[in-house]
Structure formats: C-alpha cells, structure tokens
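In: need a structure here:
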Amino acid sequence: MTDTPPRGHTAAEPDHEYSADELEALVREYDSESNFRRLVGPTAILVTVASVILSLFHVYTAGFGLLNEVMHRTVHLSFVMGLIFLVFPRKRAHPTPRLWAESLLFAGFYLYILYDLVLSLPPSGLKTGFTVMMLVLIALTLPFNRQGADPDKVALRDWIFAAVGAGFSAYLAVFFKHIFIDNVGSPSEPVYMMGLVAIVMTLEATRRTMGATLAYIGIGCLIYALVGPYLPGILAHRGYSITRIVNHLFVGTEGIYGVAVGVVATYVFHFVLFGILAQMSGLGQLFIDLATIIAGRAAGGSAKVSVVSSGFFGMISGSPIANTVTTGAFTIPLMKKSGFSGRFAGAVEASASCGGQVTPPIMGASAFVMTEMLGIPYNELILIAIVPAAFHYIAILLMVHLEAKRLGLKGLSKDKIPQFGVVLKKSWHLFIPLGVMVAMLLMQYTPFLAAFWGIILTIVFSYVPLIMRLLGNTTMDTSTALTPPRLVQGFEDGAKFALAIGAACACVGFLLGMTTLTGLGFKFSAAVVQLAHDVATFVVGMDFTGLLSENGLALFFGLIFVAIACIVMGAGIPTTPTYIILASIAAPALMEFGVPLIATHFFVFYFGVLADVTPPVALAAYAAAGLARSEPMTTGTTAFRLSMGKALVPFMFIYAPSLLFVDFSALEFITALLSGLMGILALSAAYIGWFRHDLVLVEKLALTIGGLFLISTHWAAITIGALLVLGVLMRPTRSATMA
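Out: Residues are numbered from 1 along each chain as shown. The predicted model follows:
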C-alpha cells in the first residue's frame, strides 16, 4: 500500500504495520473480555450453535416481548455461564506460585461456606451427595494442569464447570413455579444447595473472564456479611447466616439476578450485538473516514482524527481496549508518520478511546445501568450527557492541538483526506440503521426495541451494496454484506463479547445484595463524610485569612476521596461493573453533602472510566503501547496526563449542576461553561508545557492553580483563576519580548 493513495479514494490509508494476528494478540493480552479460545471440531460447532441461540433469544424478546424478569435473567445467565468455561481458557497454561496461592485462597473460602451451609442443613442422603460433589468441584478449581496443555483445548474440568454453571440458573428456570410461587419465602434444601453452587461458579466465571480482582471484592462482601458482629465501630452489623446470604443472593432480584444482570440481559446484550453487526457492515471504516474529513486538515490532524474516530467508534463499542485496538491500528501509524512520538500517539488513542462510553447518543453499557438505578428515561440521560462529553473531547483536542503546535506539525495532505461525496456515495446506507435507532431512543421507545430495529435494519441494509452491484454500481463494497455465514459469525461474536460482562455483573450482584442486607453503602458514606469533615476542620484551623469555609472544604475533600476510590476500584475492572460498585457505595457519600443524585452518579461514572488510563493498571494505554511500539508505563503516564484536563469535568458539574440540566440556571450554566472551558485550556497548556511558547515552571504552576480555581462557582474564585490564567496566556511570546 502506498503512502499516496489514488485520487478519489474513500479513506486515508497509511502503511498498516500490524497483521490481523498481531491485533488479535494485543486484544487477547490486554482485554480479558476478548480472550477467546480458538475452538475447532464439535466443540466449536456446539459453541456456535449455543451462541447463535442466545443471540436469537435476545433479538426475539427485544422485538416481541420480554419474559418476566426472573425468567429472562435465568435463561440469559444459563447460556452465559455455560459458554464461559468453553469459550475462555484458564488464565495460565503453566501454574505459577501466585496462581496457586490465589486458587488456594478461593478454595479455602469455598470450603468454609460449604462447611457452614452443611452444618445448617438437616442430615440427609442428599446433603451427603451434595457435599461430595462440592468437594470435587472445589478441587477442580485448583490449577492442576497437564504439562504442555493447550489453552485452546477444552479440558474435562471445563465441561464439568460448563454443565454446573449452566445448571444452577437452569434449575431456577425449570422449577420457577415451585420456587417463586408455590414456596416463596420458604426455600427447600435443594435451593440452598444450588445457591451455594451459584456462588462458587459465579466467582470462578469472574476469575476466568476478569481476573481475580472483582472476585476478591465479591468474596470480601460475603465475608463482611458473615462476620459483622465481630467488626469494630461503624463497620459492625448484626451478621447473617450462610443460609440467609445464599437465599438473598440466589432467590429473587437482590443478588445474582439483580439489576446488574437485568440490565445486561435486557439492554446491554442487544447493543453489543448491534455494535458487532454494524462494524461488520462497514460502520467502523465509515467513522474513520468521517473523522478524517472533519479533523484531518487541522494542525496535528492525524491525532485529531484519532480523537474523533475513537469517539464515533466508542458509541458502538463498550470496551475501551477494543476501541483502542480497532481504531488505533489505523490512527497510531498515521500519528507516528505525522511526527508525533509513539508514546504520545498511543496515549492519545487510549485517552480518546475511553470517551466513547460517555458520548451520546448510544454511550456504553453503563448508561443503561444508570437509567435503571436513577429511574430516568434514556432520552433524558442522553441530553444530560451532552455537555460533559463535549468537555471530555475538547480537553483531549486542546492537548493534541497544543502538542502539534509545539512540534510545528501540520495537518494531513489533501490527497490523504477522503472526499465526502465519495464516502457518502459508498456508505450512505450505513446511516439509516444508526439514525433510526437514535431517533427511537429520542422518541422514548424502549432501548431494547430501538436496538432490535437497529439490528434488523443493519442486516437488511447490509445487502444494499449487492443490490447496487446488480444495478451496475461498482463503487460499493459488497464484502460487507451480512450473508448467512457472516451473520452466524456476527451472532456468535455478539454473544461471546457479552459473556464477560454477564459474569462480572453476576458477581457485582454479591456487592449489591450485601449492600442492601448490611447497609454497607451507608457505612462507607458515613466514613467518607467524617474523614472529609476532619480534614476540612484541620485545614480551616490553619487558615489565618478566614476565607475558607469548613462545609465547602468538606465537599472538596469528599470529592477527592471518592475520586481516588473510583480510580482504585476501577483498576483492571470494566467500566460497567465499576460503575455499579461505585454507584452503590461511593455515590451515596456525595449525597450526604447535598449533591444532586444525577451529579453523584456522573461523577463516579467519569472517574471509573478514567481508571482505564490510570497507571499502574491502565489497560487501554498498555494496549495502545503495543500498537505504538512504545514503553507501556510511560504511555500510560502520558495517557493519564492527557486526561487531566477532562478530570476537571466531574468537579465542574458537581459545583454547577446546571451543566447536567439539573436545577437549571442560565447564569450558572453560562458561567460554568465559560470558566470550565478556560480551566480546561489552562490545564491543557500546563501539562503540555506550551502556549504560543514553551512555558516555564512558574507559568505551569500558575495555570494549574488558576485552572483549579475556575471549577468553582464562587465569583471570587473564578476571578482569581481567570486573572492567573489570562496573565500567563496573554503574556507576550519570548521573541516579541526580546524584540
């Protein structure tokens, strides 16, 4: 492929430095949600059939009516848990001491809750058989691997786990009437047994798809519920028996089958499937073409193309890592050829790829969870998210622009920018499914019905190139048609990409269940509020000016503590389970300070997203570093630095809820908008170290302090911040001063 494509091409096409195998290897290494086995033979056929059935089940129910919520969730989770152990390999083919230690800890916990439950049940032959079965199951969780075992081969233990994993949800579906109608409130002995199986298999599925971090959180919640009477101070509670915990988590909609799994089964799956099919039909390439047309001519155009295309693509992709790899395969080589360093190119792509989940109109899976938790219509959430999303991209674009100016880089040459007419002629049909789906969301149709028509229209309109070819139009790409074999592949991939998030949300059900049972969220809130007030009191005591307010400082420190908790909790965990955890535990803490409910949820959501570019577990940045051939940690640090401007955004809508159209005031909205833009510009210039000339340390500090002052809605703070910022930015350049 040449550097100078022929006139009239439809995409700027740099030399592609990565093979399909390299891209797949990067995704498998950094995105645990996409680390699928390469299956062959009868196992591959079985997985394909089960995946297609799962996809068709969701497409059918989206268009023709959902089952009752418990039945719908149990059917969904039966397929998900059964497929996980066939699709995902064990984490390591050769056990390490660390893996052994981790596995022994999990096995020890399983033995403890088994022992506790067995003591609680009356003697019977069923209990004896169940105990033996559970001991075998627990032994199989240990990492005994045959030397040289192929991770892509499904072992006997995987088949056992798949059967048992599918079985505990299928049990609820088969005996639904007996459990939920005839004997509601009085679980039988087998229900307790299957509930314990559900806990063990959910934790194992989470370990396999997400790693141990989220599973440890799940175990921690269960232990907290068990040992409540022995805990000190504010952490103490009455404590609950293992039978009460199992019943709470397994029967009903407070635990495993709670709101998290409900949202995945009702909304998320459909949009994941739509995203897969839309990308297969050519929508991903269309987004890159449009981004190149919009931003390619500007200074540092290649990096701005990365930002815009990642924003477009992120709307149909729930994974920042998948977004990074997909668009980065095109944009990172382009940025390096334009003069950006590999480190900066990878950081731009990673930082931009995290923005799709906060970008209307589709956003990410977390948005659907938010609508459920807040009880607001999705079309309202789309409007609320507009200003924060705009700030997010303005912050990245400003840093990219300043870096390009600092390096003296130009935009892309004219011959590398697609012609809009050619792109439109080739891809007009791809706008229709997306447009219809967005229109239905705005018209307050249910999200799953909008996704249903998006899927159906994507399939139908994918055949437009074939029809046009028959009519003599040879400009359209017929390879994107969703023919039956490609449609089967799309349904299979859609199901596979929804598996990990299904397991994660089932595990998050442990936290949600134990939060409602023990009041954990209120205890965390009380601790944060107390700590924030203690720190504020200490600072006010040192204030000799008398200008500082204890309540104002308490809110500020409360925001800092919650932001840190969000980043720490979000390290290595996908955004959706991160948001659910934080919304359940951290968000109530902010409400204690009088922050509006919507603003608290957006605050934890934004900082949960930032965790993907926050070292030491900046997975999106590390994937980008693999594409950029740069050092991972420095790329992650740079991505975090590029995100500092948008780190102001959550603070801005806490102090000025009008930015979220909450308690709207035109004066507050305009003031916050202007001061926010100036604050983002100040931080962007400070962290790039350039604005019309290289900035010295004092100027960087002044811009940083001024930018922080500008997030306030207090006129005195805004005035001080504006004076500091303008004093630096309006200062004559070095050359003008010397002249």
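
In: Now P123: phi and psi?
Out: Backbone torsions for P123, taken as degrees, to the nearest 10, come to phi -60, psi 140.

In: now stretch 102-118, how far from the chain's geometric center?
Out: Relative to the chain's own centre, stretch 102-118 is displaced by 31 Å; criterion: CA atoms, centre = their mean, to the nearest Å.

In: Just list the residues touching F669, thanks.
Out: Applying CB atoms under 8 Å, 6 or more residues apart in numbering, we find F669 in contact with A656, S658, L659. Backbone N, C-alpha and C define where each C-beta goes, glycine included.

In: 10 Å instead?
Out: Going by CB atoms under 10 Å, 6 or more residues apart in numbering, F669 touches V387, A656, P657, S658, L659, L660, F661.

In: What residues does A205 make contact with?
Out: By CB under 10 Å, 6+ apart, A205 lies in contact with 77, 80-85, 88, 161-162, 165, 215, 499-500, 502-504, 506-507.

In: Narrow the contacts of F669 to those that are buried.
Out: V387, A656, P657, S658, L659, L660 (16 or more other CB atoms under 10 Å).

In: out of the contacts of F669, who's nearest H429?
Out: V387 (32.0 Å; CB to CB).

In: what's the distance between that closest one and N68?
Out: Taking CB to CB, to the nearest Å as the measure, V387 falls 38 Å from N68.

In: And L117, by the same measure?
Out: The value you get for L117 to N68, if CB to CB is used, is 28 Å.

In: quick one, which of those two is more surrounded?
Out: Legend: neighbour count by other CB atoms under 10 Å for L117 and N68, higher for L117 (23 against 9).

In: The more buried one: which element?
Out: If you go by DSSP states H and E, L117 is part of helix 97-120.

In: Return the set of buried residues in that helix.
Out: Those would be L99, E102, S103, F106, A107, F109, Y110, I113, L114, D116, L117, V118, for helix 97-120 by 16+ other CB under 10 Å.

In: After it, which helix or strand is next?
Out: helix 125-140.

In: Show me which residues of that next one are buried.
Out: K127, F130, T131, M134, L137, I138, L140.

In: rewinding a little: and the buried ones among the contacts of F669 as TSV, adding secondary structure?
Out: Output for the buried ones among the contacts of F669, formatted as TSV (DSSP: H, G, I helix; E, B strand; the rest coil):
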residue	secondary structure
V387	helix
A656	coil
P657	helix
S658	helix
L659	helix
L660	helix
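
In: what pLDDT does D21 get?
Out: Turning to D21, the model gives it a pLDDT of 66.

In: ignore the last one, E17
Out: 61.

In: Over to R90. Which of the three states is it?
Out: Secondary structure assignment for R90 (three-state DSSP): coil.

In: That one reaches D150, doesn't it?
Out: No: using CB atoms under 10 Å, R90 is not in contact with D150; the gap is 11.1 Å.

In: Most widely separated two among the buried residues of helix 125-140?
Out: Pairwise across the buried residues of helix 125-140, and taking CB to CB, the largest span is found between K127 and L140, at 20.5 Å.

In: so what does the strand or helix carrying G727 touch, helix or strand wise?
Out: G727 belongs to helix 715-729 when elements are defined using DSSP H and E. With contacts defined as 3 or more CB pairs under 10 Å, 6 or more residues apart in numbering; DSSP states H and E, helix 715-729 has these neighbours: helix 666-688, helix 697-709.

In: ok so, going back, tell me what the helix holding L117 is packed against?
Out: Taking 3+ CB pairs under 10 Å, 6+ apart as the contact cut, helix 97-120 packs with helix 125-140, helix 189-210, helix 212-226, helix 242-250.

In: how about TSV for the ones you listed, with mean pLDDT and distance to L511 added?
Out: Below are the helices and strands packed on helix 97-120 laid out as TSV (pLDDT from 0 to 100; distance: least, CB to CB, whole Å):
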stretch	mean pLDDT	distance to L511
helix 125-140	92	23
helix 189-210	93	12
helix 212-226	92	5
helix 242-250	92	11
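
In: how about those helices, which one is nearest A25?
Out: Nearest to A25, of all the helices and strands packed on helix 97-120, is helix 189-210, at 18.2 Å by CB to CB.

In: Using PDB, write out every CA atom in the closest one.
Out: Extracted C-alpha coordinates of helix 189-210, given in PDB (Å, rounded to 0.1, in the frame of the first residue of the first chain):
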ATOM      1  CA  GLU A 189     -33.000 -27.800  50.900                       C
ATOM      2  CA  PRO A 190     -32.000 -28.200  47.200                       C
ATOM      3  CA  VAL A 191     -32.500 -24.400  46.700                       C
ATOM      4  CA  TYR A 192     -29.800 -23.700  49.300                       C
ATOM      5  CA  MET A 193     -27.500 -26.200  47.700                       C
ATOM      6  CA  MET A 194     -28.000 -24.800  44.200                       C
ATOM      7  CA  GLY A 195     -27.500 -21.300  45.700                       C
ATOM      8  CA  LEU A 196     -24.100 -22.300  47.000                       C
ATOM      9  CA  VAL A 197     -23.200 -23.800  43.600                       C
ATOM     10  CA  ALA A 198     -24.200 -20.500  42.100                       C
ATOM     11  CA  ILE A 199     -21.900 -18.500  44.400                       C
ATOM     12  CA  VAL A 200     -18.900 -20.800  43.600                       C
ATOM     13  CA  MET A 201     -19.400 -20.900  39.900                       C
ATOM     14  CA  THR A 202     -20.100 -17.100  39.600                       C
ATOM     15  CA  LEU A 203     -16.800 -16.400  41.300                       C
ATOM     16  CA  GLU A 204     -15.000 -18.900  39.100                       C
ATOM     17  CA  ALA A 205     -16.500 -17.500  35.900                       C
ATOM     18  CA  THR A 206     -15.500 -14.000  37.100                       C
ATOM     19  CA  ARG A 207     -11.900 -15.100  37.800                       C
ATOM     20  CA  ARG A 208     -11.700 -16.700  34.400                       C
ATOM     21  CA  THR A 209     -13.000 -13.700  32.400                       C
ATOM     22  CA  MET A 210     -12.000 -10.700  34.500                       C
END
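
In: Going by neighbour count, which residues of it are buried?
Out: For helix 189-210, by 16+ other CB under 10 Å, it's 191-210.

In: what does stretch 56-71 give?
Out: Result for stretch 56-71 [16+ other CB under 10 Å]: buried residues F57, H58, V59, T61, A62, L67, V70.

In: Switch those over to CSV; also include distance to G41, secondary structure and pLDDT.
Out: As requested, those are exported to CSV (distance: CB to CB, whole Å; DSSP: H, G, I helix; E, B strand; the rest coil; pLDDT from 0 to 100):
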residue, distance to G41, secondary structure, pLDDT
F57, 25, helix, 96
H58, 27, helix, 95
V59, 28, helix, 95
T61, 31, helix, 94
A62, 32, helix, 92
L67, 33, coil, 87
V70, 36, helix, 89
